[in-house]
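S.K.: coordinates only, sequence not included:
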């Protein structure tokens, strides 16, 4: 152990073994009907729980973390030792996640995303809640280029999403509504069936459909967006609570989604790409929502906040040529592209309208593609590639020659925007940054 | 320096949107055509042998004939495709970005700014090595950036990689 290294919270093995315990408890209860197997199953359950706790304890024993001026170092691994160094100047986001069981024990997981490469994230599970908060503040302060003792930056709450609005918006999103209706329909059918045995057969389907709707609600319950010098802070969750911090300039692209009924109600949803957020993680959907539902004006204001330059909305949209109707008969009239001072805007989707926004300085590469049908019509599609995430910016079915010219112009806009981009350490003036550090890109 | 022009106005007279800006594409090595034709020939030979064997075993000459016709047609198509698809590959180095073009039926033109490159790979499989070829792949932070150039001579590939890496370092930008 080197100086400054610390262990995770000692209750970690217990909080981690919890899911295994619950599953086993269910199995045990299920087996109660068989009297012969009671002692056997009790022995098995105890053995498995002991094994889970033992493995958790071994993992806890060998895991250490250390935070110094430029990096976070995490050492772990029982059999295969692993030391991971995360460079703080590349910090993309910091999350404090509290699953249900961790909340019971007063614990929290700290997740750190730095861009670049496959192993670009670290998770410290679990820490005590105050430690997690303090460590987050310290990480952000160091990443911003200011002293580690700086207290947590003050924040200003911008908005909260009322639960009733969230519930109504889920009802109005037909994709989710259909899942709910399917589950209700199945319940009705089963109740009226002569053989109650069939209920068991459809139960999983009902649970699955119902859980989609419930998860959507629980995930975004009490959604709060606050602004601070550290960046945007998002807090949400009914059962598992998440506090996300996205530092300034880390949002790669924004999508405004408006399902048909939402447009009528004047609502919109915002999704974002943040480098490093989408990866192996299974819970990808919940990490990328900037606003689950809100009025269109609110969504526009919020999108304007995370994108550079003046508000990109209300720019004149250049439509796709009429002959695009041969390629996309339904919804071709929605297709549109606009170019703002700092942002490119692409619109599509007749039923579920999507408005994608990407700063010129954030495009990773530009692509022009053309299929055989498009070639016959003299059309081509423009792709503005962003980091992995829900937002894919594609301007479909433009006039081919105009599209090529547009790509050339966008390449130039992108280059100009990159040269005047903000420093990675956002609290430092541009000149004061360390000269030699090669940034990601 | 190849491909110094940047002005979109220079595209005014370009009849094809997948043409290079002003100058010609740097083509990939014609030996790639040979490598691909070898694969096509091997596959066709496999189909022929399999259909003859199947015809013998089943005693149906129709099976053997159908296999021979299909294999032959596939071989002819593959022969032509190898030549045309290799001709369709090309790249152009400009002051600030690299252009890669490929595809016959589904055409694609990729523009990768040097400052966005995260790393560059040079790969050479056994077949490619036998033909003295290697491919260069560019990676950015976007998974969808598919900028890979197959069928470069070994020396050209190394040379291109070094130059790309050098330019990337000079122009690298934050994410």
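M.R.: Received the coordinates, thanks. All values reported here derive from a predicted model rather than from experimental measurement.
S.K.: can we go C-alpha only for contacts and neighbour counts from here?
M.R.: Will do.
S.K.: How about the contacts made by the nearest residue to residue B:124 once chain neighbours are set aside?
M.R.: Using Cα to Cα, 6 or more residues apart in numbering or on different chains and skipping the chain neighbours, the partner closest in space to residue B:124 is residue B:134 (4.5 Å). By Cα atoms under 8 Å, 6 or more residues apart in numbering or on different chains, the contact list for residue B:134 reads B:122-125, B:128, B:150-154, B:157.
S.K.: swap the cut-off to 6 Å and go again
M.R.: B:123-124, B:151-152, B:154 (Cα atoms under 6 Å, 6 or more residues apart in numbering or on different chains).
S.K.: For stretch A:295-311, which outside residues touch it?
M.R.: A:266-268, A:342.
S.K.: Most neighbours of all the residues you listed, which one?
M.R.: Within these, most neighbours by other Cα atoms under 10 Å in any protein chain shown means residue A:268, with 25 neighbours.
S.K.: Shouldn't residue B:143 be within a strand?
M.R.: No: under DSSP: H, G, I helix; E, B strand; the rest coil, residue B:143 falls outside any strand and is assigned coil.
S.K.: burial of it, as a residue count?
M.R.: Neighbours around residue B:143, by other Cα under 10 Å: 13.
S.K.: next one: residue A:43
M.R.: By the measure other Cα under 10 Å, the count of residues near residue A:43 is 12.
S.K.: how close does it get to chain B?
M.R.: 49 Å (Cα to the nearest Cα, to the nearest Å).
S.K.: Pretty sure that residue sits in a helix.
M.R.: Yes: under three-state DSSP, residue A:43 falls within a helix.
S.K.: got a pLDDT number for residue 136?
M.R.: Defaulting to chain A. Looking at residue A:136, its pLDDT stands at 92.
S.K.: other chain: chain B
M.R.: In this model, residue B:136 is scored at 94, pLDDT.
S.K.: and it, that's in a helix?
M.R.: No: counting by three-state DSSP, residue B:136 is not part of a helix but strand.
S.K.: partner residues bridging it?
M.R.: For residue B:136, the beta-bridge partners under DSSP bridges are residue B:122, residue B:149.
S.K.: pretty sure it is touching residue B:151, no?
M.R.: No: between residue B:136 and residue B:151 there is no contact under Cα atoms under 6 Å: 8.6 Å.
S.K.: more crowded one of those two?
M.R.: Set residue B:136 next to residue B:151 and count neighbours by other Cα under 10 Å: residue B:151 wins out with 26 against 21.
S.K.: give me phi/psi at that one?
M.R.: Backbone torsions for residue B:151, taken as degrees, to the nearest 10, come to phi 70, psi 40.
S.K.: Can you classify residue A:314 as helix, strand or coil?
M.R.: For residue A:314, the secondary-structure state derived from three-state DSSP is coil.
S.K.: How much space separates it from chain B?
M.R.: Between residue A:314 and chain B the computed distance is 26 Å (Cα to the nearest Cα).
S.K.: May I have the phi/psi pair for that residue?
M.R.: Main-chain torsions, residue A:314, degrees, to the nearest 10: phi 80, psi 10.
S.K.: burial of it, as a residue count?
M.R.: Neighbour number of residue A:314 under other Cα under 10 Å is 9.
S.K.: for the one 4 residues further on, same thing?
M.R.: Using other Cα under 10 Å, residue A:318 has 14 other residues around it.
S.K.: That one contacts residue A:336, doesn't it?
M.R.: Yes: using Cα under 6 Å, residue A:318 and residue A:336 qualify as a contacting pair, with a distance of 5.3 Å.
S.K.: Helices of chain B, start to end?
M.R.: Secondary structure of chain B (DSSP state H): helices at B:31-58, B:61-88, B:126-130, B:154-171.
S.K.: Quick one: closest of those helices to residue A:240.
M.R.: helix B:154-171 (42.1 Å; Cα to Cα).
S.K.: For that closest one, what does the pLDDT average out to?
M.R.: Averaged across helix B:154-171, pLDDT comes to 90.
S.K.: So which bits of that helix are buried?
M.R.: Buried positions in helix B:154-171, judged by neighbour count with 16 or more other Cα atoms under 10 Å in any protein chain shown: B:154, B:156-158, B:160-161, B:164-165, B:167-169, B:171.
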